[in-house]
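Student: What follows is a protein structure lacking sequence information:
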């Protein structure tokens with residue numbers, strides 16, 4: 001550990017701003033992926049182990065759309081909506097057949113699609129690394145905050161993730177669709193008895209959760225290397241976020257994602273050899289002290 005280096009960075013405004021902005025970017029991507037994962041599990045009771053592959057698919061669809069159009073908005077929409085449609089079809093054709101089955105069946109099915117999607121990416125785009133590059137719109141000088149440079153695209157990513165998170169929270173807590181989603185999470189039989197098309201509701205929820213993963217991949221494409229299997233690491237960290245924040249809690253996912261993002265960014269300076277260990281220690285402490293998560297409901 002080099003806590004002296006970490007203290008030196010935090011005492012310097014420029015270094016602190018740089019590391020905190022990096023942590024916020026990591027956290028916002030994690031939040032989008034983890035909130036979709038949490039939403040799917042909270043309503044459908046399915047552990048979507050393929051969620052990281054959906055993130056990867058969103059990144060590659062955005063990469064392809066940007067290459068065709070040169071428009072980053074079109075690339076984001078292609079990544080998000082393309083994965084949303086894929087997720088809804090995936091739920092209807094495959095996931096709907098294993099509701100109520102053993103968790104192992106869910107994991108085997110989802111892991112099978114992880115392998116399938118990884119190989120599909122290799123066939124379509126090749127196995128070598130791809131780079132979208134920074135969109136021309138954001139190829140601007142950095143914004144200096146307290147002497148620390150913050151790229152304009154970082155500000156856009158943070159704003160976009162916060163806006164999407166806010167819309168998701170409002171949609172779940174304030175709309176009729178959100179009430180149906182929350183009701184289905186508690187008593188799907190009663191919701192179906194009241195005349196609600198639960199098949200369409202489940203497909204919609206899975207599609208929204210997949211959309212969040214695809215959007216995260218599209219936002220990450222300009223600043224991350226694209227490679228088959230890139231979704232595995234963010235999937236593991238997303239599970240940590242959902243455990244810490246509380247499964248089914250959007251606010252919990254947001255807070256936990258920020259915590260993990262800042263831990264990774266600051267830990268790269270203070271304890272670079274124990275960053276992953278620190279995240280798992282936090283998760284273990286939450287499981288011991290509050291198994292339902294920081295914002296999860298006690299069962």
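Tutor: Okay, I see it. In this text the structure is predicted, and so the values were computed from the model without any measurement.

Student: in stretch 143-159, what's buried?
Tutor: Neighbour-count burial for stretch 143-159 flags 145, 148, 150, 151, 153, 154, 155, 156, 157, 158 (criterion: 16 or more other C-beta atoms under 10 Å). All C-beta spots, glycine's among them, are computed from the backbone N, C-alpha and C.

Student: mind checking the backbone torsions on the last one?
Tutor: Going back to what we said before, that points to residue 158. When quoted as degrees, to the nearest 10, the phi and psi of residue 158 stand at phi -60, psi -50.

Student: Then the fourth one?
Tutor: In terms of degrees, to the nearest 10, the main-chain angles of residue 151 are phi -60, psi 140.

Student: Return the residues in contact with the nearest residue to residue 232 once chain neighbours are set aside.
Tutor: Nearest residue to residue 232, sequence neighbours excluded (C-beta to C-beta, 6 or more residues apart in numbering): residue 52, at 5.5 Å. By C-beta atoms under 8 Å, 6 or more residues apart in numbering, residue 52 lies in contact with 33, 114, 213, 231, 232, 233, 234, 235, 236, 238.

Student: In which helix or strand does residue 52 reside?
Tutor: Element membership of residue 52 [criterion: DSSP states H and E] is helix 51-69.

Student: so for that helix, what's the average pLDDT?
Tutor: Across helix 51-69, pLDDT averages out at 96.

Student: which residues are in contact with the helix or strand hosting residue 172?
Tutor: Here residue 172, judged by DSSP H and E, is contained in helix 152-174. Applying C-beta under 8 Å, 6+ apart, the contact partners of helix 152-174 are 21, 24-25, 28-29, 31-32, 35, 39, 134-135, 138, 140, 142-143, 177-178, 181-182, 208, 212, 215, 219, 222-223, 250-251, 254.
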